[in-house]
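J.: Okay, here's the prediction I keep looking at, along with the sequence it came from:
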Amino acid sequence: MKRWKNTLIVVAICIALAAYVLLFEVKREPPTDAQATPTPLPLLSLTVNEIKSLHMSAGERTLRIEHRQNEWRIVEPDEGIADPVEVHIAADDLARLTARQILLEQVAGREQYGLAPASLTLTVTTYTDAQVRLHIGRQTPDNMAYYVQLDGDPRLYLVNQYTLQPFFTWIDAPPYQPTPTPSQ
């Protein structure tokens, strides 16, 4: 009987734990979506059709893209037609720009976030001549977001990297429309 005593104690503990889980833990409500994922914070609430121009600057390098006569045109540094699909997709994402979170309510030491000077300054001009200027700093240590500050807003935001990456790419390689190759 002594041999079975320890086994019976372990079985009794397992039954008690199983009863606890079935009676109490299973009935708990799962967290709601609001608790599970943060709500994106809108920074811009435009449509792509409201955007008249995009102006990017990074140090001495600048790029200006304008929407004229139903096409996107690069007007600075050199004139040319922009790739309509590439610019439309990036401008559409930018028009609905959201932040993952507010990192700081007041930014002190802008240098540590790559904001003094900004890695990239992006100005969006609408057809009503309203302007929004974003100061985009360096990437976060995990390379998943950029530090962003809006003109006139003391807060520091985190914005997903993939939304802003095209503008960093374009400053060095503007999105000119590809030259068609002659067919044979």
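T.: Received it, and whenever you're ready, just let me know what you need. As the structure is a prediction and not an experimental result, all values here were calculated from the model.
J.: Who are the contact partners of Glu111?
T.: Listed by Cβ atoms under 8 Å, 6 or more residues apart in numbering, Glu111 has no contact partners. For the C-beta atoms, the positions are set from N, CA and C on the backbone; glycine is no exception.
J.: and what of Gln177?
T.: 80-84.
J.: among those, who's most crowded?
T.: The most crowded member of the contacts of Gln177, judged by other Cβ atoms under 10 Å, is Ala82 (24 neighbours).
J.: Give me the spatial nearest neighbour of that residue, chain neighbours excluded.
T.: With sequence-adjacent residues excluded and distances taken as Cβ to Cβ, 6 or more residues apart in numbering, Ala82 is closest to Trp72, at 3.9 Å.
J.: With just CA atoms, put the helix or strand where that neighbour lies into PDB.
T.: According to DSSP states H and E, Trp72 maps onto strand 71-76. What follows is strand 71-76 as a C-alpha-only set of coordinates in PDB (Å, rounded to 0.1, in the frame of the first residue of the first chain):
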ATOM      1  CA  GLU A  71      -0.100  62.400 -63.500                       C
ATOM      2  CA  TRP A  72       2.700  62.500 -61.000                       C
ATOM      3  CA  ARG A  73       5.700  64.500 -62.100                       C
ATOM      4  CA  ILE A  74       9.100  64.800 -60.600                       C
ATOM      5  CA  VAL A  75      10.000  68.500 -60.700                       C
ATOM      6  CA  GLU A  76      13.100  68.600 -58.600                       C
END
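J.: List the pairing partners of it within its sheet, with orientation.
T.: Paired neighbours of strand 71-76 in the sheet (DSSP bridges): strand 61-68 (antiparallel), strand 80-81 (antiparallel).
J.: could you pull out the strands for the protein?
T.: Under the criterion DSSP state E, strands of the chain are mapped to 41-42, 51-58, 61-68, 71-76, 80-81, 98-99, 101-104, 120-126, 131-139, 145-150, 156-160.
J.: Pass me the low-pLDDT residue ranges in this protein, would you?
T.: Low-confidence segments of the chain, defined by pLDDT under 70, span residues 1-3, 21, 24-38, 183-184.
J.: spatially speaking, which residue is in the middle of it?
T.: Asn160 (2.3 Å; Cα atoms, centre = their mean).
J.: so it makes contact with Asn143?
T.: No: contact between Asn160 and Asn143 fails when scored by Cβ atoms under 8 Å: they sit 11.0 Å apart.
J.: which ones are touching Ser45?
T.: Counted by Cβ under 8 Å, 6+ apart, Ser45 has contacts 95-96.
J.: That's all I had, so thanks and see you.
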